[in-house]
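Student: no FASTA, just this:
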């Protein structure tokens with residue numbers, strides 16, 4: 001009987017944690033702003049990726065820290081006729097002492113705008129193209145950190161000759 005109660009407890013605990021994870025709020029909204037309407041095959045262009053962060057929340061910079069928080073990571077999805085032409089440009093993060101990690105961390109609050117310098121493959125076919133960008137990040141407030149999350153952000157452009 002005791003074993004059945006213990007098993008039921010752990011099953012209920014696991015289900016509750018899964019429900020909390022699935023229903024966890026996402027205080028960060030990602031968006032590609034003002035993508036170019038038309039780009040030429042072989043051309044370079046900048047794509048602006050914006051993270052809008054709810055008040056009281058933050059996400060960490062792209063700079064990894066040993067034994068620190070999970071950094072934000074941004075990359076292009078594979079299989080596109082696009083490549084990064086240079087390093088992603090990120091805003092200057094705020095540096096704060098984080099008691100949870102016992103170290104200085106770099107983070108963004110409010111809004112963070114990332115610029116992705118992209119090059120269209122010279123062999124890209126003319127026509128509509130969906131640019132797909134992935135962002136992996138962890139959002140935290142002064143009480144909790146949500147589980148790390150990866151999102152897909154996309155925008156439509158037209159490849160012309």
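Tutor: Alright, I've got the coordinates. Quantities reported herein were computed from a predicted structural model and do not represent experimental measurements.
Student: only C-alpha atoms for contact and neighbour calcs from this point on.
Tutor: Fine.
Student: correct me if wrong: residue 130 contacts residue 154.
Tutor: Yes: counting by Cα atoms under 8 Å, residue 130 does reach residue 154; the two are 6.4 Å apart.
Student: tell me which of the two has more neighbours.
Tutor: The residue with more neighbours, out of residue 130 and residue 154, is residue 154; 18 against 12, by other Cα atoms under 10 Å.
Student: can you name the residues that contact the more buried one?
Tutor: Residues near residue 154 by Cα atoms under 8 Å, 6 or more residues apart in numbering: 31, 32, 130, 131, 132, 133.
Student: next: residue 104.
Tutor: 95, 96, 97, 98.
Student: what about those, which are in strands?
Tutor: 95, 96, 97, 98 (DSSP state E).
Student: just the ones in strands from the contacts of residue 154, please.
Tutor: 31, 32, 130, 131, 132, 133.
Student: now flag whichever of these is closest to residue 114.
Tutor: Closest approach between the ones in strands among the contacts of residue 154 and residue 114, by Cα to Cα: residue 32, at 9.5 Å.
Student: would you confirm that that closest one contacts residue 155?
Tutor: Yes: between residue 32 and residue 155 there is a contact at 6.5 Å, judged by Cα under 8 Å.
Student: these two: which has the busier surroundings?
Tutor: Taking other Cα under 10 Å, residue 32 and residue 155 do not tie; residue 32 has more neighbours (20 against 17).
Student: run through the bridge partners of that one.
Tutor: When bridges are called by DSSP bridges, residue 32 pairs up with residue 49.
Student: OK, contacts around it?
Tutor: 47, 48, 49, 50, 153, 154, 155.
Student: the first one belongs to a strand, doesn't it?
Tutor: This means residue 47. Yes: judged by DSSP: H, G, I helix; E, B strand; the rest coil, residue 47 forms part of a strand.
Student: spit out the contact partners of it.
Tutor: 32, 33, 34, 35, 36, 115, 116, 117, 118.
Student: and the residue nearest in space to the middle of the chain, what does it touch?
Tutor: In the chain, the residue lying closest to the centroid (Cα atoms, centre = their mean) is residue 135, at 2.6 Å. Shown in contact with residue 135 (Cα under 8 Å, 6+ apart): 72, 73, 74, 75, 150, 151, 152, 153.
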